[in-house]
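Q: I would like to see how this sequence folds:
(one chain, ligands or ions: 2)
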Amino acid sequence: MTTYNLALIGFGGVNRALAELICDEPQRFASLGFELRVVAITDLAFGSLVQGDGIDLAAVLAMPRGTSFDGLPGGSSDPRNEDVIKNSPADIVVEATFTSPIDGEPAVSHVRWAIESGKHVVTTNKGPVALRGPELSKLAATNGVRFEYEGAVMSGTPVIRLAHKMLGGLELTAVQGILNGTSNYVLGRMEAGLRLDEAIAEAQDLGYAEADPTADIGGSDVRLKVAILANELLGASMNPSDVETTGIQDIKSDDVAKALASGHRWKLIGEARREADGRVVATVKPIALQADHPLAGISGATNAVSFTTDLLGAVTVSGPGAGRVETAYALISDIMAVNEFVKGAVRA
Ligand SMILES: NC(=O)C1=CN([C@@H]2O[C@H](COP(=O)(O)OP(=O)(O)OC[C@H]3O[C@@H](n4cnc5c(N)ncnc54)[C@H](O)[C@@H]3O)[C@@H](O)[C@H]2O)C=CC1
Ligand SMILES: N[C@@H](CC=O)C(=O)O
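A: Ligands and ions are numbered 1, 2, ... in the order given. Below is the predicted model of the structure:
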């Protein structure tokens with residue numbers, strides 16, 4: 001059986017959930033035809049740890065946040081991302097640090113260092129994909145490695161790969177949906193009577209929110225996802241700044257209550273559409289949907305995206321849009337794609 005050595009860059013909610021699955025459920029991977037061994041971990045809060053024979057995941061998962069890896073064999077209190085990514089014995093770099101909606105850093109550099117040193121990259125980080133996606137994919141192809149990022153949109157729910165593989169024979173003219181778990185959860189909790197700040201705190205506890213939740217509430221998280229979908233699926237060359245964006249920050253409890261009373265539900269809707277002249281235009285904005293609208297019933301951290309196609313009309317995918325384990329599954333599906341690539345290369 002093939003063993004893939006992983007370097008986990010960022011050891012927060014998502015990468016810890018992946019480490020737990022590797023530690024607790026090795027049979028899940030054995031049934032996929034490979035095993036996973038974590039040989040390096042870096043995080044701002046812990047420092048870095050490199051152990052070529054495999055890190056004892058149960059032991060590091062038990063370390064409270066803020067404890068340093070310094071003192072462990074191969075450990076340091078400094079994250080040493082560049083050295084670890086370039087020189088650790090990893091086959092696959094798993095990038096799950098903070099998303100920067102401005103320039104995608106430091107994740108863009110993490111991805112580039114990994115690819116340039118011949119390592120595959122799987123990531124849930126939207127920044128590098130939305131801001132540097134085509135360039136990094138090209139770099140990966142040139143270096144004979146994979147750059148996979150299914151979790152950048154709708155966490156573990158298959159959207160990007162599904163659309164590429166299964167909708168490839170259709171003409172797609174638009175994508176529209178609820179693409180942020182936190183804001184959808186928050187709007188639902190406001191319907192139940194919570195204040196905005198109380199609802200955000202719950203979403204943070206549940207692991208849905210970004211490190212800076214204003215990205216969720218202000219719409220910049222959906223803006224990145226809409227740009228990714230427009231570029232991947234509608235053939236656009238869009239920068240997130242091209243997406244006209246309004247968040248839910250100005251929606252008050254009163255607005256939510258009034259909407260409910262009149263049979264409407266506020267939803268944060270992201271959309272990209274190809275116009276008759278070929279231009280792709282994209283927006284993010286809150287809309288009070290009528291209760292019988294197909295997206296009005298999407299509740300909690302669940303997301304949904306609808307593809308407008310020529311032969312099938314609307315094709316809609318719905319599932320978790322956030323969550324630690326749900327997003328770790330996106331990384332697993334990316335590693336499965338890397339495995340298919342590696343096996344294909346061996347056969348060829
Ligand atoms: N939690 C979710 O539901 C989803 C998260 N994502 C994305 O996945 C990524 C990870 O998400 P979470 O684990 O929830 O975030 P998190 O905030 O729990 O963890 C991020 C970790 O990265 C570390 N970090 C930040 N900058 C670093 C650096 N320069 N070097 C080393 N470590 C660094 C932090 O200390 C933190 O432990 C983010 O980019 C997020 O946008 C994507 C889809 C869903
Ligand atoms: N904070 C994001 C996480 C996934 O991208 C969300 O709430 O959707």
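Q: Show me what from this protein comes close to ligand 2.
A: Residues of the chain found near ligand 2 (Cβ under 6 Å from any ligand atom) are 155, 180, 181, 182, 208, 209, 210, 216, 221, 321, 322. Quick note: C-beta positions are derived from backbone N, CA and C, even for glycine.
Q: could you pick out which of those are near ligand 1?
A: Counting by Cβ under 6 Å from any ligand atom, 155, 208, 210, 322 from those sit close to ligand 1.
Q: In helices only, show me these.
A: With helices defined by DSSP state H, no entry of those lies inside them.
Q: what does the chain have sitting close to ligand 1?
A: 9-14, 42-45, 79, 81, 96-99, 106, 124-126, 151, 155, 207-208, 210-211, 322-324, 327.
Q: Check the residues you listed for burial and list the buried ones.
A: Buried members of these, scored by 16 or more other Cβ atoms under 10 Å, are 9-14, 42-43, 79, 81, 96-99, 106, 124-126, 151, 155, 207-208, 210, 322-324, 327.
Q: Just the helices from the protein, written as ranges.
A: Counting by DSSP H, the helices of the chain are 13-24, 26-30, 57-61, 81-87, 107-116, 126-142, 160-166, 181-191, 196-205, 214-217, 220-233, 253-261, 324-347.
Q: list the helices and strands the last one packs on?
A: Taking 3 or more Cβ pairs under 8 Å, 6 or more residues apart in numbering; DSSP states H and E as contact, the helices and strands that helix 324-347 lies on are strand 2-9, helix 13-24, strand 34-43, strand 92-95, strand 120-123, strand 147-148.
Q: quick one, which of those is packed in tightest?
A: Mean neighbour count (mean count of other Cβ atoms under 10 Å) peaks for strand 120-123 among the helices and strands packed on helix 324-347, with a mean of 29.
Q: sorry, back to before: to residue 203, which of the helices and strands packed on helix 324-347 lies closest?
A: Closest to residue 203 of the helices and strands packed on helix 324-347, according to Cβ to Cβ: helix 13-24, at 12.2 Å.
Q: From the residues of the chain next to ligand 2, pick the one nearest residue 172.
A: Of all these, residue 172 sits closest to residue 321, with 20.1 Å by Cβ to Cβ.
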